[in-house]
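Novice: what's the 3D shape of this:
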Amino acid sequence: MFDSLTALPPDAILKLIGEHQNDPRENKVDLGVGVYRDENGKTPILSAVKKAERHILDHQHTKAYTGSAGDPVFNEAMQDLIFGSDSSANGRITTLQTPGGSGSLRIAAGLILRAKPDVSLWVSDPTWNNHVPLLGGAGIQLETYPYYDAGKKNLRIDDFLETLNKIPSGDIVLFHGCCHNPTGVDPSSEQWRQITDIVVKRELLPFIDIAYQGLANGIDEDVQPIRQLAERVPEMIVSSSCSKNFGLYRDRVGALSILSSDASVSKIVYTQASQIVRTIYSVPPDHGAAAVSHILRNPDLRAEWAAELGEMRNRLKSVRTMLVDALQEHAPAHDFSHIDKANGMFSYLGISPQQVTRLKTEFGIYMEGFGRINVAGITEKNVTYLAESIAQVL
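Specialist: Here you go, the predicted model:
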């Protein structure tokens, strides 16, 4: 049977990881893989997570299955983290624990197809490279809305809003909650208000993917667009991830929250989503989610986590400035100030695919083919080499 299959090309990021690992050059630089790294190039386990894990080891007395929706304590804690414990919409929200943000997106796709199989889902151009295969591969019809101007290196806000105003009522629009991947360019508070007004007027269903809460401007600040929408729309979908802001990449911790028109519909949505989970992976993994729920319910650990997250956020901001300053020194004829204005881990560098290839082959500097860089891979030790190398391919 399997002889009929043909080999598929490797995932672009996984291929890039392998190429970097096999590169013998000591001065190689990895700006491709999407994980946070500290000044020493390490992806640390947060101190608050370590303490929560010790608590779990000491106090957890069973490894029996959780339910399909996961740990209720985790679900409540994540719902409060995103929407706020005092949200007037809380009675209409149901939250399920999922295997990472990707698992959340996939369960949301299944729910959408059950509720309205002919609906179109609009994604930004560009968007995270797994959105299209994950959501489109599930069977949802995808469309795109303009988002990033590669020439001007900023948000195409006028085209963005114009397109939103033309999207058919009832369609779904996928927004990045903050730290847009791959561009790092987010709408301003005023632009979010304009977006929200159009969503309400056009009766669109907002679908928020928030994988970087706390890494743009702050834990509460980064979810203000979600909270504002929740107060004004009858329905909304939110996929969230704890990979970046808790450093729980391999533990696969995420959540899916669905806002329904009223509490009775919310209960129906819960049964449908739980049944989809049952047919895909049955129950979510427990360990990472247990650590998150313990942190969020323990005031001291929560404060420690918030401080560590703040250090991560500040480092990302500082390395952006450091890179822009180095590029100004070594390539003064070119403007890279857009990097300093963006949020989170990712930015488009603003170079061609051919220049990306030269950086890899000639200098051992690895990034995605369209020039997306993970700024967390930049350190004081490599920033000068990086800037000099970029200057040579411009």
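
Novice: what about stretch 363-377, start to end distance?
Specialist: Start-to-end span of stretch 363-377 (C-alpha to C-alpha, to the nearest Å) is 15 Å.

Novice: quick one: distance of it to the chain centre.
Specialist: 18 Å (C-alpha atoms, centre = their mean, to the nearest Å).

Novice: got it, and stretch 244-251?
Specialist: With C-alpha atoms, centre = their mean, you get 12 Å for stretch 244-251.

Novice: residues contacting it, please?
Specialist: Applying C-beta atoms under 8 Å, 6 or more residues apart in numbering, the external contacts of stretch 244-251 come out as 35-36, 43-46, 49, 211-215, 242-243, 253, 285, 287-288, 291-292, 295, 305, 309, 312, 345. Just so you know, the C-beta spots here come from the backbone N, C-alpha and C atoms, and that holds for glycine as well.

Novice: switch to 6 Å and redo it
Specialist: Val35, Leu46, Tyr212, Gln213, Gly214, Cys242, Ser243, His287, Gly288, Val292, Leu309 (C-beta atoms under 6 Å, 6 or more residues apart in numbering).

Novice: ok, stretch 355-365 next?
Specialist: Applying C-beta under 6 Å, 6+ apart, the set of residues contacting stretch 355-365 is Asp23, Arg25, Lys28, Val29, Tyr366, Met367, Gly369, Gly371, Ser389, Val393.

Novice: among those residues, which are in strands?
Specialist: Mapping these onto strands (DSSP state E) picks out Val29, Tyr366.

Novice: list only buried entries from the contacts of stretch 355-365.
Specialist: Asp23, Lys28, Val29, Tyr366, Met367, Gly371, Ser389, Val393 (16 or more other C-beta atoms under 10 Å).

Novice: if I look at the nearest residue to Ala263 once chain neighbours are set aside, how far off is Gln79?
Specialist: Counting by C-beta to C-beta, 6 or more residues apart in numbering, Gly91 is the residue found nearest to Ala263 once chain neighbours are left out, at 5.0 Å. From Gly91 across to Gln79, the span is 11 Å (C-beta to C-beta, to the nearest Å).

Novice: the two - which one has more neighbours?
Specialist: Neighbours were counted for Gly91 and for Gln79 using other C-beta atoms under 10 Å; Gln79 has more, 21 against 10.

Novice: and for the residue nearest to Asp149 when sequence neighbours are not counted, the neighbour number?
Specialist: Nearest residue to Asp149, sequence neighbours excluded (C-beta to C-beta, 6+ apart): Arg156, at 4.8 Å. Arg156 sits with 19 neighbouring residues when counted by other C-beta under 10 Å.

Novice: so Arg156 sits right up against Tyr145, yeah?
Specialist: No. At 9.2 Å, Arg156 and Tyr145 do not qualify as touching, with contact defined as C-beta atoms under 6 Å.

Novice: longest helix in this structure, by residue count?
Specialist: The residue-count maximum for a helix in the chain (DSSP state H) belongs to helix 299-330.
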